[in-house]
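Participant: Following is a predicted model, sequence given first.
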Amino acid sequence: MQAKTIAIGGVDLEVFEGGTGRPLLFLHSGQGFDPAHPFVAGLTAGYRVVAPSHPGFGKSSLPDWIDNVDDIAYLYLDLIDQLGLDTVDVIGCSIGGWIAAEIATKSPERIARLTLVGPVGVKTGPANKLDVPDIFAKPLEEVNALLFHDPDKFRMDPSALTDEQLSIAVRNRESLALLSWEPYMHNPKLKHRLHRATMPSQLIRGESDGVVSQAYLERYAALLPDARIVTIPEAGHAPQVEQPDRFNDAIRSFHTV
Amino acid sequence: MQAKTIAIGGVDLEVFEGGTGRPLLFLHSGQGFDPAHPFVAGLTAGYRVVAPSHPGFGKSSLPDWIDNVDDIAYLYLDLIDQLGLDTVDVIGCSIGGWIAAEIATKSPERIARLTLVGPVGVKTGPANKLDVPDIFAKPLEEVNALLFHDPDKFRMDPSALTDEQLSIAVRNRESLALLSWEPYMHNPKLKHRLHRATMPSQLIRGESDGVVSQAYLERYAALLPDARIVTIPEAGHAPQVEQPDRFNDAIRSFHTV
Amino acid sequence: MRAWHFTETAYPYLPPEDEYPSIRVTLPNKHYDPVKGAALYDRYIDEWLIAEDEGLEIMLNEHHQTATCVDPAGPLMLAAMARQSTKARLLILGNPLANRRQPVRVAEEMAMIDVLSKGRLEAGMVRGVPYELSPANSNPVRMNERFWEAMDMIVTAWTSHDGPVSHEGRFFHHRNINIWPRCYQDPHPPIWVSTTSTGGAKQVGGRGYTQATFLTGFKETRRIYESYRQGWREAGLGNDVPIDRLAYAAIVYVGDTEAEAYAGAEKLLWYVTANKVAPQFVNPPGYVPVPANVQILRGAEHPLSQFARGASVEAAIEAGFMMAGTPDQVYEQFKRHYDYVGGYGHLLIMGQAGFLEHDETVRGIRNFAREVYPRLQEEFPDTTVSGNFGDVPPEPPRDFIPAPGEDHVAQEAGDAANMTPLGAARGA
Amino acid sequence: MRAWHFTETAYPYLPPEDEYPSIRVTLPNKHYDPVKGAALYDRYIDEWLIAEDEGLEIMLNEHHQTATCVDPAGPLMLAAMARQSTKARLLILGNPLANRRQPVRVAEEMAMIDVLSKGRLEAGMVRGVPYELSPANSNPVRMNERFWEAMDMIVTAWTSHDGPVSHEGRFFHHRNINIWPRCYQDPHPPIWVSTTSTGGAKQVGGRGYTQATFLTGFKETRRIYESYRQGWREAGLGNDVPIDRLAYAAIVYVGDTEAEAYAGAEKLLWYVTANKVAPQFVNPPGYVPVPANVQILRGAEHPLSQFARGASVEAAIEAGFMMAGTPDQVYEQFKRHYDYVGGYGHLLIMGQAGFLEHDETVRGIRNFAREVYPRLQEEFPDTTVSGNFGDVPPEPPRDFIPAPGEDHVAQEAGDAANMTPLGAARGA
C-alpha cells in the first residue's frame, strides 16, 4: 500500500491506499494500522482499500481540540468527500468500529455496507459493571490475554522494533486513552442513534475475545436495524490479525456489489 | 398550519406543517414555535413549511437521555428521512440556528440552502469574556431589552395566557437551560466542523440584537464556506417576530430554486 | 431528643440593602473584609464549642457566593470542628450533591472526617438551593436525578471494602473506586437529607435516612413526616418509624424573661429577612417544576417571602417556625409542634444569625441547654415511635406554610422540588 | 531559611508486600482499620504541632486510594491544622489540579483556609501523580494543559473583587465566579508548584511562584533551579531571584549520635521503598511523553526505583536526597547541597514515614529544630539571591538522578512530565 499525508479537517492525516475495486474504508483498532499484516494483502486483492491512521495514531497529527471519537467520525466524512466517493464500505475494528458506528449515524447514506469487528462504543449493561474490561487498570500480560486467542504469538518485543515503531506504539496507546478514558470506551448517546445506521451490517467477533463479549456484541447488534453476527474461531479481539483468511472470507462474502 | 405528533427517534415530536412548495424545515428559537406569528403565514404562502417543536419545547416529549443540541440535530435528520425528503432548506433561529448548524455538519448533502437567524452555537472570543450574554443571570427586564428592538411590545402578560400556554412557556425556558447551560450556548467542537457546511448560507441578524452581536455573527459567518450576512433594521434577536415582512423578504430572496 | 446548635456563619457587615440587587451570587466580595471575617469565624467556632460544652450537638452547612453563609466548603469547617470538638456529634446539612462533580471525593471527605472525629459524623446530603446553581455553574435541570445518582455512588464507595468497584451512570463515571480511608462508623455515618416535599420525604423514608425539614411550620411539617413514614413502611422497614429519623429546624431563643427572649429572637429573624436575592437566582429554570412556575407567573409568592415583609416574633412563633420566650414558653411551643407533627428526634436550633452578638448567642444557648433541653430529653425520649397521634390538637394551628396537599398543582410542585434545604424555604 | 515538617500520614500496618500487587489504587480498604487510623491521625497532628512549637512550619499533601498517604482531601487536614496551630505557615503541596473538576471550588477552599488561619496559607498546586489518575477517573492525557488552565481560573477567582467574572476555556467552564470569602492575604496566598522538569520550572519561574522539587539530588535539582531562574529573568521579573522562591524536599533525620540518626533515617527510607505499585498505575498512557516511554520499553528504569532495591542511608545521603547524622553532619550535608544547587529558601523535611514511631519522630524534629535550624537560619538568610555559584564544589557529587540535559530524549521527557510531586519521583 501507498502511504500519503492528506491535510484535512485541520489534521495532517496519514492515509494508506491500495488495491482496486469497491472502495473500502478500513478503520484500525487502538493498536494502529500496519500494512504488513497479512489480512491487508487479502483486502487489497479485492478492494480499493483506504486506511487512515486516526488522529494521534501512526503518523497522523493530533490537534489540540480533538479529544473524542466523534471528532474523528466527522473527519472521515471529510475524507470520503475528498476521495470523491458517494458511498463507501466501511470496516472498523474495536475503537475503529466505534468510529464507524458514529459515521453511520451521521450520514448513513454514505456507507453502503458496514462491518464492525469487536466494536466498542455503546454502553448496554448495568451501571455497576463495566461493559468492557478496564484495560488501563490491568497489567499488560492480562490485557494481552484478553486481546489474543494465542497471546504468546503477539507479545511485543521492543528489541525487535525501531525507535520510530516504538514511538508510534506508545503514542497510539496514549491517543487511545485520550479518546476512551471517560466515558470509558463508549458514547452514552450512541445507542440512541444506531437506529439511523440502516445499511446492511455485520458484527465480527473472535471467539476468544476477552474485551468484547458475545453478550455485548449481541446487544450491540440489536441496536442496529440490519445486522448479523459472525464468529471467528481461534481468534481474540483482533481476528483480522489472528485469523486473516477467515477474516477476509467474512469480508468478501459480505462486502459484495 | 396543522399540528401533529410524530413518534421518531424515541421522541413524541410535535410537528407543524403547512403550505406547499419547496420544503423548508423551520427550527424555532428558545421561545418555541407559534404558528400564529405573522411571519409564518408569509412562509407557508411560498413553501412547504415543517416546523417541529424541539424535544422539551411546545408539546414535544423530552426523553431522559436528551440533554444537548446535538441530540436534536440527529433527531431532525430522522425527521427529514421520515418526510421522505432528499434535501430540505433549513431556517434556524437562535438555538434553532445552532441545531441547524449541527445538522449541516453531519449530512451537508441533505440541506440545500441554510438560513441562520441570530444563531448561537460557536465560541469565537476569549476565555474570559462570554460570547453570548448570560441570560440566566440577568433579570427578565434586562433580557427582554437584549432580545427585542422594542421590548415594550413583547412583554409577556401572564394574565392574557392560558395555563397551558404558560406551562409551555415555562417548559421551553427549562429545556433551553438544559440544552445551553454548559458549555454556555455553544458546542466547543462546532467551529471545527462548520467547514463541512458547504451549502449556500445566509446569516440574518436584527440590527438591535443584544444577544448575538454583529462581530459574533461575522466570526460565525467566516467559519462557513459560503455565507452571507443580512441585517434587518428595527429588530432584535427575533427579526422574524419584530419585522416579519423584511424577514420573509430575506427568506424569499435566498431560498429560491 | 437531641438538640443541635446551628449557625450559618454569616457575614452581616454589608452596605444598605438597597445598594445591592442580591445578597447572593453577585454581591461583590470586596464587601467582605477578611480580618472581620476571620474574627467571625473565631467567634462562631467558639459558639459551637460552648454549645458542645452545654451538651448540644454541632450542625453546620455549606453555601456559595453569599454573605448569609460564608462556608463554601462545609467539609473544611467540619474537619476543623472534628479536631476542636471532642464529644459532640457533627452534622453537615449538607453536601450539595447535585453541584459537586466528583461524588467519590465527597465520599472520601466524609470518610476522612469520620475518622478524624472518631465516628462523630452525621453526613447530610442536599440537592442544593437555587442560588447555588450559578456559583457552581451547575445545570438547574435534572438536579434530583443527579442528586440520587451521586448519593448511590457515595454509599457504594463507603461500603465497598474488597477492592475497586466501578460506576458508569447517567451523570457520573468512575472506574476503580476504592477509597482510603474507609469510614470509622460501620457501615457508614448516618445519612441525613433535607426535603421540603412529600415525594422527596417518601423516597428518603424508603431508604431509612434521617429526614430534616427547615421552617416548615405545622401542617407542612406533618405532611412531610407522614410521607416519610409512608415511605419507610412501604419499603418494608417495619411498622414503627424510630423518632430519631425525623428532624425539625426552627429558630430558637430562650431568655430569662419574655422580653429578653423576644429581643434575641427579633435579631434571629435576620435568617428570614436578610435574603434579598435577584429573582433570576431565586428561581432558575428547571429548579421547580412547571406547574409551580405557572403559579409564580400568576403572582403566587412563597409564604416565607410574604412573611418576611411583615416579619414579627409573634407571627413566627404562631406559624411554628420559631420557638422563643421563657423556658416554660419554649417548652410549650415545642410540645405543641411536636405533638401536632407526630414527633421528631432532633431539634436543629438556628441559634445565631446576623447581628445577634456573641454574648447574646451564648445566653440563648445556655438558657436552652440548661432550662429547656433536660425537660425535652426526659419527656420526649429517643425510644418513642414517630407518628402516634393520640393527642393531636383539635384545632389546627395557624400556619404560614400552606399544606400543598389541598391543591393538586401545588402538591406536584412541592413533590418535585424536594430536598431543598433552608435556602429555598428562605428565598423561593 | 525556612524549614517545614512534612508527613504523608501513612498507614503502615499492611499485610506483607508479596500479598498485594499494589499499595496504591487497588489495595482493598479492608486493610485499613479506622480505629488504628484515627490514632495515627491524632499522632501525626500532634507531631505537626510539636514541630510548630519548635519553630518549624507545617506542610501536608493529598493522595488518593493509598496507604502511603491517607489524606485524600488535603484541604480538610489543612482546615484542621488552621485551627489547631497558631503561628506556623501552612503549606499544602499540593492540590492536584488536573484531577479536580471544579477549580473554583479549590479557590474557595484555599480562600476559606486562608481566613481560618488568618493568612497563614501557602497554596501549593500540583498536576497529580500518575497513580491518582484512576482514583480520580481523570484522563492522563493533557494533564499539564488542564493544570495550567485550572491555575489561571483559581488566580482569577482569588483576585476578582468587583462582582462575577466568567471563564469559557478548553477544559473548564464557569460563569459568575465571585467567591466568598475572599483570601485573607492580599492579593492571594503564595503559590507553590512542584516540578521535576526544566520546562515546568521555567514556566513556574516565569510566574514567580515558589518552585519545589522532591528528592532530586544534586545535578537534577540544580538543573531545575537554573530553569526556574531563567524563566524568572526571561519573564522580566528582574535579575535577582529571591531565595525564598525555591524549595527542596529531602528526608532528614538528626540524632545525637550518627548511629541514632542512621537508625531513624533507616526507618524513613520507607518513603522510597514502601511504594510497590502495579506498573499500569505507575505509568498510565500519556502521563510521560512518548520518548520517555520508549526508553522505559527499552528497559530504562527510574533511578529512584533502582535505588529503592538496594536502599541504604549512606547511598541516600551521598545522592543528596537524604540528610542524616549528627547536627554537624546534617549541617555539612545541607551546605554542600545548598551550595551546589545555587541555594534555596525552604527545606521541606520529610521527617516521618512508615514505622518511625512518635518518640523517634519528635526526637528528630527537636534535634533538627534546636541543633541545626538556628545555624541554617543564621548562615543562609532569606535575603540571599539565588544562583550565585561563587563556591561550587569542584567535583560534582555522586548523584543517583541523572541530569537529563545530557541526553536529548531524556530532556524532552523530563520537560513534558513536569509538575510531578513526590509520588512520581518515588514511583515512576
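Facilitator: The structure has been received and is ready for your questions.

Participant: From here on, just use CA atoms for contacts and neighbour counts.
Facilitator: OK.

Participant: Am I right that residue A:180 is in contact with residue A:94?
Facilitator: No - in this structure, residue A:180 is not within contact of residue A:94 by CA atoms under 8 Å, at 11.3 Å.

Participant: who's more crowded, these two?
Facilitator: When neighbours are counted by other CA atoms under 10 Å in any protein chain shown, residue A:180 and residue A:94 differ, and residue A:94 comes out ahead with 25 against 20.

Participant: contacting residues around the more buried one?
Facilitator: Residues near residue A:94 by CA atoms under 8 Å, 6 or more residues apart in numbering or on different chains: A:28-30, A:116-120, A:237.

Participant: Can you pick out the most distant pair from the residues you listed?
Facilitator: A:30 and A:116 (14.0 Å; CA to CA).

Participant: Please verify my assumption that residue A:65 contacts residue B:189.
Facilitator: Yes - with contacts counted by CA under 8 Å, residue A:65 reaches residue B:189, the gap being 7.4 Å.

Participant: Can you pick out the residue with more neighbours from residue A:30 and residue A:116?
Facilitator: Legend: neighbour count by other CA under 10 Å for residue A:30 and residue A:116, higher for residue A:116 (28 against 21).

Participant: which element is the more buried one on?
Facilitator: Secondary structure assignment for residue A:116, by DSSP states H and E: strand A:111-117.

Participant: hmm, that strand in reach of chain B?
Facilitator: No - residues of strand A:111-117 contacting chain B under CA under 8 Å from any CA of the partner chain: none, with a closest distance of 12.4 Å.

Participant: quick one: average pLDDT of that strand?
Facilitator: Averaging pLDDT along strand A:111-117 gives 98.

Participant: Can you list the strands that that strand pairs with?
Facilitator: Neighbouring strands of strand A:111-117 in its sheet, by DSSP bridges, are strand A:88-93 (parallel), strand A:201-206 (parallel).

Participant: could the contacts of residue A:94 go into TSV alongside distance to residue A:8?
Facilitator: TSV is the format used below for the contacts of residue A:94 (distance: CA to CA, whole Å):
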residue	distance to residue A:8
A:28	18
A:29	21
A:30	21
A:116	25
A:117	26
A:118	28
A:119	25
A:120	26
A:237	30
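
Participant: in the host helix or strand of residue C:365, what counts as buried?
Facilitator: Taking DSSP H and E as the definition, residue C:365 sits inside helix C:358-367. Within helix C:358-367, the residues that count as buried by 16 or more other CA atoms under 10 Å in any protein chain shown are C:360-367.

Participant: CSV please, covering the residues you listed and showing pLDDT and distance to chain D.
Facilitator: Shown next, in CSV, are the buried residues of helix C:358-367 (pLDDT from 0 to 100; distance: CA to the nearest CA, whole Å):
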residue, pLDDT, distance to chain D
C:360, 98, 23
C:361, 98, 21
C:362, 98, 21
C:363, 98, 25
C:364, 98, 25
C:365, 98, 23
C:366, 98, 24
C:367, 98, 28
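
Participant: and the nearest residue to residue C:106 once chain neighbours are set aside, what is it in contact with?
Facilitator: Among residues not flanking residue C:106 along the chain, residue C:154 sits closest, at 7.2 Å (CA to CA, 6 or more residues apart in numbering or on different chains). Listed by CA under 8 Å, 6+ apart, the contact set of residue C:154 reads C:103-104, C:106-107.
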